[in-house]
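Peer 1: Provided below are the primary sequence and the corresponding predicted coordinates.
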Amino acid sequence: MGTSVGFDLDLTLADTRAAIAAVYEAMLPSLDTPIDVAVAVSRIGWPLENELAQWLPADEIPAAVTLYRSLYPVIALPATVVMPGAHEALAAVRAAGGRIIVVTGKNARDARRTVDALGLDVDEIAGSVFGADKGAAIAAFGAAVYVGDHVADIEAARAGGALSVAVATGGCTPAQLAEQGADVVVSDLTEFVSWYASRTSIPA
């Protein structure tokens, strides 16, 4: 039986920068309070409600969430592209007999839509969780490895009792990821494939 692996979604498996920016831009005319789209996109990974709370009064957030999620399938999905090495990374886990969970700050419905649109082969999805709050899903699935692009994904791996593999494909540099305590740092998922194939000390 191979090692089961958890993956973050945004900027780990899926490049959603242009997609999410387009949704925010489409929302702006309907909002009383502006959002700095560039800043919001620089923080991809948080649950949507957390990001909107940085810009909007609390009483405006529910309507903004509804608007965002109504626009997401139409605007974001066609603009989302797979990250380099994503299909190969999942195939490597499958070939070794491992199972795959996606644990993400994105809500589960849009995460499933994204995974399906990109043809990513995963077993389970856990959504709307960030940082250490991802740990419960990682642990419940039995993932021995968690792969993510953010320093908060290192916290997630620790909380879930998993080895932390950090990919420098998001807003965090390799140095930041290493300083945060990632067990392994790779430049992208193409390097993960080589690492996973050569691993010798990960419990299955």
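Peer 2: Looks like it came in fine.
Peer 1: where do the helices sit along this structure?
Peer 2: All helices of the chain, identified by DSSP state H, fall at 17-27, 37-42, 48-52, 61-71, 77-79, 86-95, 108-118, 135-141, 151-159, 174-179, 189-198.
Peer 1: please work out which of those helices is packed deepest.
Peer 2: Burial of these is given as mean neighbour count (mean count of other Cβ atoms under 10 Å); helix 151-159 ranks first at a mean of 23. All C-beta atoms are positioned from the backbone trio N, CA, C, and that covers glycine.
Peer 1: could you name the helices and strands sitting against it?
Peer 2: Packing contacts for helix 151-159, counted by 3 or more Cβ pairs under 8 Å, 6 or more residues apart in numbering; DSSP states H and E, involve helix 135-141, strand 145-148, strand 163-167, helix 174-179.
Peer 1: now these as JSON lines including distance to Asp8 and mean pLDDT?
Peer 2: Converted to JSON lines, the helices and strands packed on helix 151-159 look like this (distance: least, Cβ to Cβ, whole Å; pLDDT from 0 to 100):
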{"stretch": "helix 135-141", "distance to Asp8": "11", "mean pLDDT": "98"}
{"stretch": "strand 145-148", "distance to Asp8": "4", "mean pLDDT": "98"}
{"stretch": "strand 163-167", "distance to Asp8": "9", "mean pLDDT": "98"}
{"stretch": "helix 174-179", "distance to Asp8": "12", "mean pLDDT": "96"}
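Peer 1: of these, which is nearest Ala96?
Peer 2: Each of the helices and strands packed on helix 151-159 was scored for nearness to Ala96 using Cβ to Cβ, and the closest is strand 145-148 (11.3 Å).
Peer 1: who does that closest one pair up with?
Peer 2: According to DSSP bridges, strand 145-148 forms sheet pairs with strand 5-7 (parallel), strand 163-167 (parallel).
Peer 1: export the helices and strands packed on helix 151-159 to JSON lines and append columns for distance to Ile20.
Peer 2: As requested, the helices and strands packed on helix 151-159 are exported to JSON lines (distance: least, Cβ to Cβ, whole Å):
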{"stretch": "helix 135-141", "distance to Ile20": "22"}
{"stretch": "strand 145-148", "distance to Ile20": "17"}
{"stretch": "strand 163-167", "distance to Ile20": "18"}
{"stretch": "helix 174-179", "distance to Ile20": "21"}
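Peer 1: for Leu56, find the nearest of the ones you listed.
Peer 2: Leu56 lies closest, by Cβ to Cβ, to one member of the helices and strands packed on helix 151-159: strand 145-148, at 26.8 Å.
Peer 1: between the helices of the chain, which one is nearest to Glu124?
Peer 2: Nearest of the helices of the chain to Glu124, taken as Cβ to Cβ: helix 135-141 at 6.1 Å.
Peer 1: now do the contacts for the residue lying farthest from the centre of the chain.
Peer 2: Each residue of the chain has a distance to the centre, and by Cα atoms, centre = their mean the biggest one is for Asp32: 29.3 Å. Asp32 sits next to Glu60 when contact means Cβ atoms under 8 Å, 6 or more residues apart in numbering.
Peer 1: wait, Pro47 touches Val129, no?
Peer 2: Yes. At 7.3 Å, Pro47 and Val129 qualify as touching, with contact defined as Cβ atoms under 8 Å.
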